[in-house]
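# sequence-free structure coming up:
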Ligand SMILES: *Cc1c(COP(=O)(O)O)cnc(C)c1O
């Protein structure tokens, strides 16, 4: 498969280059030249297949040209070592629980898949991914991405991960998920804010001397190997709903921040997945919602909310969605907007509304929503039409936001054993100033 850039100014890349580079030379996002439809037979039988096999079929459709079949199957099975059940919350509303992975966040699947695919390319030893030594992944995090990437890459031979995070600005549960791992994961505690961490990573990628010294790459969420595998969730959800005979008019609702997750669902739709329509649920960061209403995209600075993993004011994957529905600029902006609003609607919720939703859902059904899932649930409550059945993504385990959830619902939710285990590990981190010169000296010694 060949990949082009949404900015149209970069050379065509193969999968390996798209994965290793992440972002194209013109700072655009990589898009596959073609999205193949899956055969009718696959959708006829899908309800009889298990998650891993459904995912392998989807993965072959995307990556089969570039990755040997047995290796791809291995990668998929290793990535999906846990289930993503669809749970009935109330009549016609179901939660797709994406939080049963190692760090209890849906980003686990993309992170692990990318780690294993990168490892495959390193082992295959073709020139671009190979270096004389280790491939070094730099990732800046405000919390969730760091834990998913660190755990996804943990113990993967030939790759070392540096997680940069702002000192004192991530929750204790988040911090222990990437500072207690050891092995090939190094946590770097930066005396600054998230933007300083991101600036250090960007400067490192641009520094010629450093790039000569060591092979650097990023595990950013715009990487095709991180966002595409999330499509597996939607095929599996469809299969489980079809088994319940509830899949005829299925509405998929995705709590969205950087729009990677919903973008993967839309790619699934392009592959033939029969979802009737989609809803992008937002917190108070509503640029996409505004785009749907007006046809104008006006990025803003993000505002802090209860659902903080969705606090994004300029979602990276917006460019991908536009490119998909404009068919790489073949449609006018107006026609593209029309095509998008035919398939996707939006909603936006304030913190007050999110908390109210969590309380109402808990009191009525007993289901504990986390603040992100709450946006998805409420968007279905508000938007579902007669005859439709809705599935919303529950993107994080509520215990990851224990203080907030306990406070809002007046309960004391149990922390899953897996999360507790992280909290018992010993914190190890390297202290760093926010000056690039210091960071560079450190990396040059590695
Ligand atoms: C990252 C994240 C989101 C947003 O997903 P995008 O792919 O960025 O739209 C939603 N909920 C949780 C818990 C997340 O960690």
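Here it is on my side, so go on. Quick caveat: nothing in here was measured; it's all calculated off a predicted structure. Numbers count the residues shown, from 1 in each chain.
# can you map out the strands along the protein?
Using DSSP state E, the strands of the chain run over 2-5, 13-14, 30-32, 86-90, 93-97, 135-140, 159-166, 185-190, 215-218, 250-255, 277-282, 344-348, 389-394, 430-432.
# Going by mean pLDDT, which of the ones you listed comes out lowest?
Ranked on mean pLDDT, the bottom entry among these is strand 215-218, at a mean of 88.
# which residues touch that strand?
With contacts defined as Cβ atoms under 8 Å, 6 or more residues apart in numbering, strand 215-218 is touched by 20-23, 118, 131, 133-139, 201, 204-205, 210. (Glycine included, C-beta is placed from N, CA and C.)
# For the stretch 201-350 of the chain, which residues are neighbours of the ligand?
255, 256, 257, 258, 259, 260, 261, 309, 310 (Cβ under 6 Å from any ligand atom).
# need the residues of the stretch 1-150 of the chain near the ligand, please.
So far as Cβ under 6 Å from any ligand atom goes, the stretch 1-150 of the chain lies against the ligand at 105, 107, 144.
# Turn these into JSON lines, including pLDDT.
Output for those, formatted as JSON lines (pLDDT from 0 to 100):
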{"residue": "105", "pLDDT": "84"}
{"residue": "107", "pLDDT": "92"}
{"residue": "144", "pLDDT": "80"}
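# For those residues, give me a markdown table that also has neighbour count and distance to residue 417.
A markdown table is the format used below for those (neighbours: other Cβ atoms under 10 Å; distance: Cβ to Cβ, whole Å):
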| residue | neighbour count | distance to residue 417 |
| --- | --- | --- |
| 105 | 25 | 16 |
| 107 | 27 | 20 |
| 144 | 24 | 20 |
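# if we can go back for a sec, among the contacts of strand 215-218, which ones are in helices?
20, 21, 118, 201, 204, 205, 210 (DSSP state H).
# Just among those residues, which is most surrounded?
residue 118 (24 neighbours; other Cβ atoms under 10 Å).
# Smallest gap between the stretch 101-250 of the chain and the ligand, at which residue?
In the stretch 101-250 of the chain, the residue that lies nearest the ligand is residue 144 (4.2 Å; Cβ to the nearest ligand atom).
# which ones are touching that residue?
Applying Cβ under 8 Å, 6+ apart, the residues near residue 144 are 103, 105, 107, 174, 309, 396.
# these two touch, right, residue 198 and residue 140?
Yes: with contact defined as Cβ atoms under 8 Å, residue 198 counts as touching residue 140 (4.3 Å).
# Comparing these two, which shows the higher neighbour count?
Higher neighbour count among residue 198 and residue 140: residue 140, with 24 against 18, using other Cβ under 10 Å.
# what's near enough to touch the residue most central in space within the chain?
In the chain, the centroid-proximal residue (Cα atoms, centre = their mean) is residue 107; its distance is 4.5 Å. Contacts for residue 107 (Cβ under 8 Å, 6+ apart) come out as 144, 145, 148, 149, 221, 226.
# Buried subset of those, written for ChimeraX?
To isolate the buried members of the contacts of residue 107 in ChimeraX, using 16 or more other Cβ atoms under 10 Å:
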select :144,145,148,149,221,226
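# Inside helices: which ones of the contacts of residue 107?
144, 145, 148, 149, 226.
# Minimum pLDDT in these, which residue is that?
Among the ones in helices among the contacts of residue 107, residue 144 has the weakest pLDDT, 80.
# okay, the residues of the stretch 201-350 of the chain next to the ligand in JSON lines with distance to residue 402 next?
JSON lines is the format used below for those (distance: Cβ to Cβ, whole Å):
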{"residue": "255", "distance to residue 402": "19"}
{"residue": "256", "distance to residue 402": "23"}
{"residue": "257", "distance to residue 402": "20"}
{"residue": "258", "distance to residue 402": "24"}
{"residue": "259", "distance to residue 402": "27"}
{"residue": "260", "distance to residue 402": "25"}
{"residue": "261", "distance to residue 402": "23"}
{"residue": "309", "distance to residue 402": "15"}
{"residue": "310", "distance to residue 402": "18"}
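# Would you reformat these as CSV and include neighbour count?
Shown next, in CSV, are those (neighbours: other Cβ atoms under 10 Å):
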residue, neighbour count
255, 31
256, 30
257, 26
258, 20
259, 25
260, 24
261, 25
309, 24
310, 23
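# For these, point out the one with the lowest pLDDT.
Confidence by pLDDT is poorest for residue 309 among these, given 88.
# Give me the distance between that residue and residue 255.
9 Å (Cβ to Cβ, to the nearest Å).
# Overlap of the contact sets of the two?
Counting by Cβ under 8 Å, 6+ apart, the residues touching both residue 309 and residue 255 are 372, 395.
# and residue 309, what is it in contact with?
Counted by Cβ under 8 Å, 6+ apart, residue 309 has contacts 105, 143, 144, 257, 372, 395, 396.
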